[in-house]
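**Q** Structural data only, the sequence is not supplied:
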(Lines give C-alpha, C1' and ligand atoms only; values in the text may rest on other atoms or scores of the structure.)
Protein backbone atom coordinates (compact mmCIF):
# COMPACT_ATOMS: atom_id res chain seq x y z
CA UNK A 1 0.00 0.00 0.00
CA UNK A 2 1.31 3.43 -0.88
CA UNK A 3 1.98 5.84 1.98
CA UNK A 4 -0.03 8.54 0.23
CA UNK A 5 -3.00 6.34 -0.72
CA UNK A 6 -6.36 7.54 0.46
CA UNK A 7 -8.23 5.07 2.69
CA UNK A 8 -11.73 5.10 4.18
CA UNK A 9 -13.96 2.72 6.12
CA UNK A 10 -16.68 0.89 4.21
CA UNK A 11 -17.99 -2.38 2.74
CA UNK A 12 -15.33 -4.18 0.74
CA UNK A 13 -16.36 -5.00 -2.83
CA UNK A 14 -14.49 -8.27 -2.55
CA UNK A 15 -15.56 -9.85 0.73
CA UNK A 16 -18.40 -7.53 1.66
CA UNK A 17 -17.11 -6.92 5.20
CA UNK A 18 -16.59 -3.57 6.84
CA UNK A 19 -12.89 -2.78 6.36
CA UNK A 20 -10.51 0.02 5.63
CA UNK A 21 -10.74 0.37 1.88
CA UNK A 22 -8.54 1.62 -0.89
CA UNK A 23 -9.26 1.91 -4.58
CA UNK A 24 -7.20 -0.81 -6.23
CA UNK A 25 -6.45 0.00 -9.86
CA UNK A 26 -4.73 -3.36 -10.21
CA UNK A 27 -8.12 -4.94 -9.52
CA UNK A 28 -10.24 -3.02 -12.06
CA UNK A 29 -10.41 0.05 -9.77
CA UNK A 30 -12.50 -1.83 -7.20
CA UNK A 31 -12.63 -0.65 -3.58
CA UNK A 32 -11.00 -3.50 -1.64
CA UNK A 33 -9.55 -4.23 1.75
CA UNK A 34 -5.92 -5.28 2.09
CA UNK A 35 -6.82 -8.98 2.35
CA UNK A 36 -8.85 -9.00 -0.89
CA UNK A 37 -6.26 -6.87 -2.66
CA UNK A 38 -3.58 -9.46 -1.84
CA UNK A 39 -5.42 -12.08 -3.85
CA UNK A 40 -4.65 -12.37 -7.57
CA UNK A 41 -7.11 -10.46 -9.71
CA UNK A 42 -9.08 -12.54 -12.22
CA UNK A 43 -10.68 -10.61 -15.06
CA UNK A 44 -14.20 -11.72 -16.04
CA UNK A 45 -12.83 -13.58 -19.07
CA UNK A 46 -10.49 -15.62 -16.91
CA UNK A 47 -13.08 -16.84 -14.38
CA UNK A 48 -12.95 -20.64 -14.27
CA UNK A 49 -15.97 -22.86 -14.76
CA UNK A 50 -15.54 -24.33 -11.31
CA UNK A 51 -16.44 -21.05 -9.63
CA UNK A 52 -19.01 -21.35 -6.92
CA UNK A 53 -22.54 -20.90 -8.21
CA UNK A 54 -24.57 -18.00 -6.94
CA UNK A 55 -26.89 -19.32 -4.25
CA UNK A 56 -28.54 -16.05 -3.21
CA UNK A 57 -29.59 -12.90 -4.92
CA UNK A 58 -28.27 -9.48 -3.95
CA UNK A 59 -30.46 -7.42 -1.72
CA UNK A 60 -33.36 -6.06 -3.74
CA UNK A 61 -32.85 -8.44 -6.68
CA UNK A 62 -36.19 -10.11 -6.00
CA UNK A 63 -37.99 -6.80 -5.97
CA UNK A 64 -41.26 -6.82 -7.86
CA UNK A 65 -41.36 -5.31 -11.32
CA UNK A 66 -42.00 -1.59 -11.16
CA UNK A 67 -40.27 -1.08 -7.78
CA UNK A 68 -37.50 1.52 -7.64
CA UNK A 69 -34.10 0.83 -6.09
CA UNK A 70 -32.28 3.37 -3.94
CA UNK A 71 -29.72 3.95 -6.71
CA UNK A 72 -32.51 4.66 -9.20
CA UNK A 73 -34.11 7.07 -6.75
CA UNK A 74 -30.78 8.82 -6.18
CA UNK A 75 -30.17 9.06 -9.93
CA UNK A 76 -33.60 10.54 -10.50
CA UNK A 77 -32.92 13.02 -7.73
CA UNK A 78 -29.78 14.20 -9.55
CA UNK A 79 -27.24 11.50 -8.72
CA UNK A 80 -24.32 10.61 -10.94
CA UNK A 81 -25.57 7.16 -12.03
CA UNK A 82 -27.98 7.33 -14.98
CA UNK A 83 -31.08 5.14 -15.03
CA UNK A 84 -31.75 3.21 -18.21
CA UNK A 85 -35.37 3.83 -19.09
CA UNK A 86 -37.45 0.91 -20.26
CA UNK A 87 -38.94 1.31 -23.73
CA UNK A 88 -42.52 2.50 -23.57
CA UNK A 89 -44.83 0.48 -25.86
CA UNK A 90 -46.58 2.62 -28.44
CA UNK A 91 -50.34 2.07 -28.24
CA UNK A 92 -51.90 0.85 -31.46
CA UNK A 93 -55.41 2.13 -32.02
CA UNK A 94 -57.87 -0.73 -32.15
CA UNK A 95 -60.54 -0.82 -34.83
CA UNK A 96 -63.59 1.04 -33.71
CA UNK A 97 -66.61 -1.24 -33.84
CA UNK A 98 -69.79 -0.05 -35.54
CA UNK A 99 -72.48 1.21 -33.14
CA UNK A 100 -74.80 -1.47 -31.83
CA UNK A 101 -77.83 -1.87 -34.04
CA UNK A 102 -76.30 0.08 -36.92
CA UNK A 103 -77.25 -1.05 -40.44
CA UNK A 104 -77.01 -0.02 -44.03
CA UNK A 105 -79.63 2.56 -45.08
CA UNK A 106 -82.61 1.17 -46.94
CA UNK A 107 -83.42 2.13 -50.51
CA UNK A 108 -86.20 4.36 -49.25
CA UNK A 109 -83.86 6.13 -46.82
CA UNK A 110 -81.43 6.77 -49.66
CA UNK A 111 -84.19 8.27 -51.78
CA UNK A 112 -85.21 10.55 -48.91
CA UNK A 113 -81.57 11.66 -48.54
CA UNK A 114 -81.42 12.44 -52.27
CA UNK A 115 -84.61 14.48 -51.98
CA UNK A 116 -83.29 16.45 -49.00
CA UNK A 117 -80.10 17.16 -50.95
CA UNK A 118 -82.22 18.59 -53.79
CA UNK A 119 -81.27 15.90 -56.28
CA UNK A 120 -84.63 14.07 -56.45
CA UNK A 121 -88.18 15.38 -56.62
CA UNK A 122 -91.21 13.10 -56.13
CA UNK A 123 -93.32 12.19 -59.11
CA UNK A 124 -97.05 12.87 -59.01
CA UNK A 125 -98.99 9.92 -57.60
CA UNK A 126 -102.79 9.85 -57.51
CA UNK A 127 -104.39 8.21 -54.52
CA UNK A 128 -108.06 7.68 -53.81
CA UNK A 129 -109.99 10.61 -52.39
CA UNK A 130 -110.31 11.00 -48.67
CA UNK A 131 -113.81 11.42 -47.28
CA UNK A 132 -114.69 14.86 -46.03
CA UNK A 133 -114.85 13.56 -42.47
CA UNK A 134 -111.28 12.22 -42.56
CA UNK A 135 -109.26 13.26 -39.52
CA UNK A 136 -105.93 15.10 -39.37
CA UNK A 137 -103.90 11.93 -38.77
CA UNK A 138 -105.56 10.15 -41.71
CA UNK A 139 -104.78 13.04 -44.06
CA UNK A 140 -101.19 13.32 -42.79
CA UNK A 141 -100.45 9.59 -43.20
CA UNK A 142 -102.06 9.52 -46.64
CA UNK A 143 -99.88 12.43 -47.78
CA UNK A 144 -96.79 10.74 -46.33
CA UNK A 145 -97.53 7.55 -48.26
CA UNK A 146 -98.19 9.51 -51.46
CA UNK A 147 -94.88 11.38 -51.04
CA UNK A 148 -92.88 8.16 -50.54
CA UNK A 149 -94.58 6.50 -53.52
CA UNK A 150 -93.67 9.58 -55.58
CA UNK A 151 -89.97 9.35 -54.62
CA UNK A 152 -89.86 5.70 -55.64
CA UNK A 153 -91.68 6.42 -58.89
CA UNK A 154 -89.29 9.30 -59.70
CA UNK A 155 -86.45 6.80 -59.35
CA UNK A 156 -88.21 4.40 -61.70
CA UNK A 157 -89.46 2.02 -59.01
CA UNK A 158 -93.08 1.06 -59.63
CA UNK A 159 -93.26 -1.69 -57.01
CA UNK A 160 -95.73 -1.42 -54.11
CA UNK A 161 -94.57 0.64 -51.14
CA UNK A 162 -93.58 -1.20 -47.94
CA UNK A 163 -95.04 0.97 -45.20
CA UNK A 164 -94.72 -0.04 -41.55
CA UNK A 165 -96.66 1.54 -38.71
CA UNK A 166 -93.34 2.62 -37.18
CA UNK A 167 -92.71 4.87 -40.21
CA UNK A 168 -95.74 7.01 -39.38
CA UNK A 169 -94.59 7.23 -35.75
CA UNK A 170 -91.02 8.22 -36.71
CA UNK A 171 -92.40 10.89 -39.02
CA UNK A 172 -94.27 12.37 -36.07
CA UNK A 173 -97.68 11.87 -37.68
CA UNK A 174 -99.17 9.72 -34.91
CA UNK A 175 -98.31 9.02 -31.30
CA UNK A 176 -97.90 5.25 -31.42
CA UNK A 177 -98.01 2.23 -33.70
CA UNK A 178 -101.48 1.22 -32.54
CA UNK A 179 -102.86 4.54 -33.77
CA UNK A 180 -100.86 4.22 -36.98
CA UNK A 181 -102.34 0.76 -37.63
CA UNK A 182 -105.90 2.08 -37.18
CA UNK A 183 -105.23 5.04 -39.50
CA UNK A 184 -103.76 2.84 -42.26
CA UNK A 185 -106.66 0.40 -42.03
CA UNK A 186 -109.05 3.34 -42.42
CA UNK A 187 -107.18 4.54 -45.52
CA UNK A 188 -107.52 1.07 -47.05
CA UNK A 189 -111.18 0.95 -46.11
CA UNK A 190 -111.77 4.39 -47.69
CA UNK A 191 -110.05 3.27 -50.91
CA UNK A 192 -107.25 5.84 -50.58
CA UNK A 193 -104.64 3.05 -50.86
CA UNK A 194 -104.76 -0.70 -51.44
CA UNK A 195 -103.15 -3.39 -49.35
CA UNK A 196 -101.53 -5.66 -51.98
CA UNK A 197 -99.28 -7.99 -49.97
CA UNK A 198 -96.46 -8.07 -47.49
CA UNK A 199 -92.71 -8.67 -47.30
CA UNK A 200 -91.25 -11.85 -45.80
CA UNK A 201 -90.93 -11.58 -42.00
CA UNK A 202 -87.54 -10.71 -40.58
CA UNK A 203 -87.89 -13.40 -37.91
CA UNK A 204 -90.21 -16.37 -37.44
CA UNK A 205 -93.36 -15.46 -35.60
CA UNK A 206 -93.44 -11.85 -36.84
CA UNK A 207 -95.54 -10.33 -39.59
CA UNK A 208 -93.78 -8.95 -42.63
CA UNK A 209 -94.10 -5.26 -43.54
CA UNK A 210 -97.28 -4.67 -45.49
CA UNK A 211 -97.21 -3.43 -49.08
CA UNK A 212 -99.48 -0.67 -50.40
CA UNK A 213 -100.23 0.76 -53.83
CA UNK A 214 -102.56 3.42 -55.31
CA UNK A 215 -106.08 2.10 -55.93
CA UNK A 216 -106.23 0.22 -59.23
CA UNK A 217 -109.41 2.00 -60.41
CA UNK A 218 -108.19 5.38 -59.24
CA UNK A 219 -111.49 6.09 -57.48
CA UNK A 220 -112.30 6.22 -53.83
CA UNK A 221 -114.69 3.89 -52.08
CA UNK A 222 -117.57 5.29 -50.10
CA UNK A 223 -116.88 5.52 -46.36
CA UNK A 224 -118.65 2.83 -44.40
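**A** Arrived safely, thanks for sending. Keep in mind that this is a model prediction, so the values were computed, not measured.
**Q** can you give me the strands for the chain?
**A** Along the chain, the segments classed as strands by DSSP state E run 8-11, 18-24, 30-32, 161-162, 194-198, 210-213.
**Q** I'd like those strands laid out as a markdown table, including mean pLDDT.
**A** Formatted as a markdown table, those follow (pLDDT from 0 to 100):
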| stretch | mean pLDDT |
| --- | --- |
| strand 8-11 | 81 |
| strand 18-24 | 80 |
| strand 30-32 | 78 |
| strand 161-162 | 96 |
| strand 194-198 | 96 |
| strand 210-213 | 97 |
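**Q** Residue 115: which of those is closest?
**A** Residue 115 lies closest to strand 161-162 among the strands of the chain, at 15.0 Å (C-beta to C-beta). Quick note: C-beta positions are derived from backbone N, CA and C, even for glycine.
**Q** In its sheet, which strands sit next to the closest one, and in what direction?
**A** Note on strand 161-162: by DSSP bridges, its sheet partners are strand 210-213 (antiparallel).
**Q** The partner strand: which residues count as buried?
**A** By neighbour count with 16 or more other C-beta atoms under 10 Å, strand 210-213 contains the buried residues 210, 211, 212, 213.
**Q** Is it correct that the second one is in contact with residue 199?
**A** Yes - at 6.8 Å, residue 211 and residue 199 qualify as touching, with contact defined as C-beta atoms under 8 Å.
**Q** Now do the shared contacts for the two.
**A** In terms of C-beta atoms under 8 Å, 6 or more residues apart in numbering, residue 211 and residue 199 are both contacted by the residues residue 162.
**Q** got any ranges where this protein has weak pLDDT?
**A** 1-6, 25, 28, 42-103, 217-224 (pLDDT under 70).
**Q** thinking again about what came up before, quick one: closest of the strands of the chain to residue 132.
**A** With C-beta to C-beta as the criterion, residue 132 lies closest to strand 194-198 of the strands of the chain, at 21.1 Å.
**Q** other SSEs contacting the closest one?
**A** Contact here means 3 or more C-beta pairs under 8 Å, 6 or more residues apart in numbering; DSSP states H and E; on that basis strand 194-198 packs against strand 210-213.
**Q** Show me the contact partners of the strand it packs on.
**A** 145, 149, 159-164, 184, 188, 193-199.
**Q** so where do the helices sit in the chain?
**A** 34-37, 70-76, 107-116, 136-154, 165-170, 177-190 (DSSP state H).
**Q** which of the residues in the third one are buried?
**A** Same thing as helix 107-116. So helix 107-116, judged by 16+ other C-beta under 10 Å, has buried residues 108, 111, 112, 115.
**Q** okay if I get the residues you listed as a markdown table plus distance to residue 155?
**A** Output for the buried residues of helix 107-116, formatted as a markdown table (distance: C-beta to C-beta, whole Å):
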| residue | distance to residue 155 |
| --- | --- |
| 108 | 10 |
| 111 | 6 |
| 112 | 11 |
| 115 | 10 |
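**Q** which one of these is nearest residue 22?
**A** The closest of these to residue 22 turns out to be residue 112 (C-beta to C-beta; 92.0 Å).
**Q** what's the span of stretch 132-141, first residue to last?
**A** 15 Å (C-alpha to C-alpha, to the nearest Å).
**Q** try stretch 188-208
**A** Terminal residues of stretch 188-208 are spaced 18 Å apart (C-alpha to C-alpha).
**Q** Would you mind listing the outside residues contacting that stretch?
**A** So stretch 188-208 is contacted by 127-131, 134, 138, 142, 145, 160, 162, 184, 187, 209-216, 219-221, 223-224 (C-beta under 8 Å, 6+ apart).
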